[in-house]
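>>> no sequence on hand, only this structure:
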């Protein structure tokens, strides 16, 4: 059976086709010498050589800041206007399998009981085109959390690179099939051989079941090992901002008492203010308690509450950490 | 689009000064339909907005048996509560809610009820007290033990007097040592001690408590000592919240989201939680 191919020289046509139909094309691109996910307009903008974009593309589904309402306060009272989101069709090109698998975690939190349509409306209009990894680095640990470059969860279309730089495409979901049909003109039938995938070695000494078991015991919560393992954390929160599953946010008003807007902004559980009560009491008054919260969220709360992965092993938090606090080292310690 | 972060507009119909920097608002929805249809349960909370400053979380301090309005009570502490404190009767503010679970008042029919509150922990308890008093015949003995740092810090002074005067309510008021005034007729001492002296019967009784975390901790011990079952002791937790609907990620106590699975818990449930208070 012939494969469906996206030829390297047709990438530009695909972008044009997406933009021509009113959509936006988000892909890894070089910006300030870093490869990041951003909106691109032509094939030349695409980064050709990267392991994983610096940022998560969650920002295109759950923006760093967005207006949820606007208000004007006048003599006659308050005029309050809720924001409607009417997102464009969005194509995420060049996702990695780890990051695609994170979308179900975001969806879970934004839809349990109350539905956050700011998220769901965007995600519903998004098609994820995953390019399987042909290289990686020492921070990659997807196989340690039960995923691999062959994982297709969360991908609408799964692409494998060929030796000549083309892509063999596989529509995974109905959304992916519809996408391939919609842009049928840029795809070709043919046959090609995929490059071998980069499969990171599973880290020995990490056992997710043992971690779960240990975290489930409330008596382990006060274990002094948390303080020892995470002592060097400076609380910058960088790990949470690059993490594809971290979703915490703040709601603040910007403007004056007469006119302004209410915004939903990314926030981080690593900040002291995050849980600080008005009374001055803070349930997470030390950095190690905030670090423990993030770890518990990934490996206990998310799996138990939402039956989804809190950590997909993308390794971004390891690459970005200014003090080289490596989550896999903590996972290893918690596997004992 | 259904915008879960969009508040409803409410008008401040009345303002009551409760204690230094503590005041209550009586609020009515601008939208007449909502005014008529709005329902909540005792123990639920809301997000209150001062436009331009943001939102704060407080309980609904009025009883679900009193229709047509809601009351909130807050202490002027930070930016939002400071902004709310600057509002006057007739001004507009925002309200989202009701959110969270509630006290299972219907399950308490025929039981004695003991309310124990400290300081500004009385507002959430007040909602339940009035809920019970408005259906007085459904319940057994009603006891209220309430204390504050000083006489001035006692909130709902008019209502305390009313409960004092009712012969179907036993009210025990106390202030911390040094907080009394020359004409103070109540007790002097901390709430857990005064509760132990008052020794309300634990047989066929439930207890509801709210106050500073340290008070709750000792009150729970006292109640167990008095023979209360930890499944019959209820409290309401507070944690910083921004969304109120299980999204923003900060109110969790371990794996429990206070905004959705709380804020009302039994002592037995609290005992099982991670120590993340």
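That came through, no problem. Predicted model, so just to flag it, every value in this text is computed and none were measured.

>>> the stretch 1-150 of chain B against chain A: which residues are in contact?
Counting by C-beta under 8 Å from any C-beta of the partner chain, the stretch 1-150 of chain B comes close to chain A at B:1-7, B:9, B:30, B:49-56, B:75, B:77-78, B:81, B:83, B:92-94. All C-beta atoms are positioned from the backbone trio N, CA, C, and that covers glycine.

>>> could you identify the buried members of the residues you listed?
Buried members of those, scored by 16 or more other C-beta atoms under 10 Å in any protein chain shown, are B:4-7, B:9, B:49-56, B:75, B:77, B:81, B:83, B:92-94.

>>> the strands in the stretch 101-250 of chain B, which residues?
If you assign secondary structure with DSSP state E, counting those that start in this stretch, the strands in the stretch 101-250 of chain B sit at B:112-118, B:142-148, B:170-175, B:187-188, B:205-210, B:233-236.

>>> want to throw these into JSON lines with mean neighbour count, mean pLDDT and distance to residue A:61?
Listed next are the strands of the stretch 101-250 of chain B as JSON lines, based on neighbours: other C-beta atoms under 10 Å in any protein chain shown; pLDDT from 0 to 100; distance: least, C-beta to C-beta, whole Å:
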{"stretch": "strand B:112-118", "mean neighbour count": "25", "mean pLDDT": "98", "distance to residue A:61": "44"}
{"stretch": "strand B:142-148", "mean neighbour count": "25", "mean pLDDT": "98", "distance to residue A:61": "48"}
{"stretch": "strand B:170-175", "mean neighbour count": "21", "mean pLDDT": "98", "distance to residue A:61": "54"}
{"stretch": "strand B:187-188", "mean neighbour count": "16", "mean pLDDT": "97", "distance to residue A:61": "57"}
{"stretch": "strand B:205-210", "mean neighbour count": "26", "mean pLDDT": "98", "distance to residue A:61": "39"}
{"stretch": "strand B:233-236", "mean neighbour count": "25", "mean pLDDT": "97", "distance to residue A:61": "35"}
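
>>> can you lay out those strands as a markdown table showing distance to residue A:217?
As requested, these are exported to a markdown table (distance: least, C-beta to C-beta, whole Å):
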| stretch | distance to residue A:217 |
| --- | --- |
| strand B:112-118 | 32 |
| strand B:142-148 | 36 |
| strand B:170-175 | 39 |
| strand B:187-188 | 42 |
| strand B:205-210 | 28 |
| strand B:233-236 | 24 |
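
>>> wait, which of these is closest to residue A:26?
With C-beta to C-beta, the closest approach to residue A:26 among these belongs to strand B:233-236: 44.0 Å.

>>> so how far is the closest one off the chain centroid?
Using C-alpha atoms, centre = their mean, to the nearest Å, we find the averaged C-alpha position of strand B:233-236 to lie 11 Å away from the chain's own average C-alpha position.

>>> anything in that strand near chain A?
No: no part of strand B:233-236 sits close enough to chain A to count as contact by C-beta under 8 Å from any C-beta; the gap is at least 14.3 Å.

>>> which strand of chain A spans the most residues?
Using DSSP state E, we find that the single longest strand of chain A is strand A:65-74.

>>> could you pull out the helices for the stretch 101-250 of chain B?
For the stretch 101-250 of chain B, the helices defined by DSSP state H, counting those that start in this stretch occupy B:122-133, B:157-165, B:191-198, B:213-225.

>>> mind listing what's buried along the last one?
Residues of helix B:213-225 classed as buried by neighbour count (16+ other C-beta under 10 Å): B:215-216, B:218-220, B:222-223.

>>> dump those residues into JSON lines; add pLDDT and distance to chain A as well.
Formatted as JSON lines, the buried residues of helix B:213-225 follow (pLDDT from 0 to 100; distance: C-beta to the nearest C-beta, whole Å):
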{"residue": "B:215", "pLDDT": "94", "distance to chain A": "13"}
{"residue": "B:216", "pLDDT": "93", "distance to chain A": "12"}
{"residue": "B:218", "pLDDT": "96", "distance to chain A": "16"}
{"residue": "B:219", "pLDDT": "97", "distance to chain A": "17"}
{"residue": "B:220", "pLDDT": "95", "distance to chain A": "17"}
{"residue": "B:222", "pLDDT": "97", "distance to chain A": "22"}
{"residue": "B:223", "pLDDT": "97", "distance to chain A": "22"}
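
>>> any chance of these in TSV, with distance to residue B:14 too?
Compiled in TSV, the buried residues of helix B:213-225 are given as follows (distance: C-beta to C-beta, whole Å):
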residue	distance to residue B:14
B:215	29
B:216	30
B:218	35
B:219	32
B:220	35
B:222	36
B:223	35
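
>>> out of those, which one sits closest to residue A:136?
Distances from residue A:136 to the buried residues of helix B:213-225, taken as C-beta to C-beta, are shortest for residue B:216 (50.3 Å).

>>> helix/strand/coil for residue B:26?
Classification of residue B:26 by DSSP: H, G, I helix; E, B strand; the rest coil places it in strand.

>>> wait, isn't it in contact with residue B:69?
Yes: taking contacts as C-beta atoms under 8 Å, residue B:26 lies within contact range of residue B:69: 5.5 Å.

>>> which residues are common contacts for the two?
With contacts taken as C-beta atoms under 8 Å, 6 or more residues apart in numbering or on different chains, residue B:26 and residue B:69 have B:13, B:62 as neighbours in common.

>>> and residue A:324, how many neighbours?
Residues within reach of residue A:324, counting by other C-beta atoms under 10 Å in any protein chain shown, total 9.

>>> likewise for the one 3 residues further on?
Taking other C-beta under 10 Å as the criterion, the count of residues near residue A:327 is 22.

>>> now residue A:179
Around residue A:179 there are 22 other residues, counting by other C-beta under 10 Å.

>>> element containing it, please.
helix A:174-182 (DSSP states H and E).

>>> show me what that helix is packed against.
The criterion is 3 or more C-beta pairs under 8 Å, 6 or more residues apart in numbering or on different chains; DSSP states H and E, and the helices and strands that helix A:174-182 contacts are strand A:126-131, strand A:157-161, strand A:167-171.
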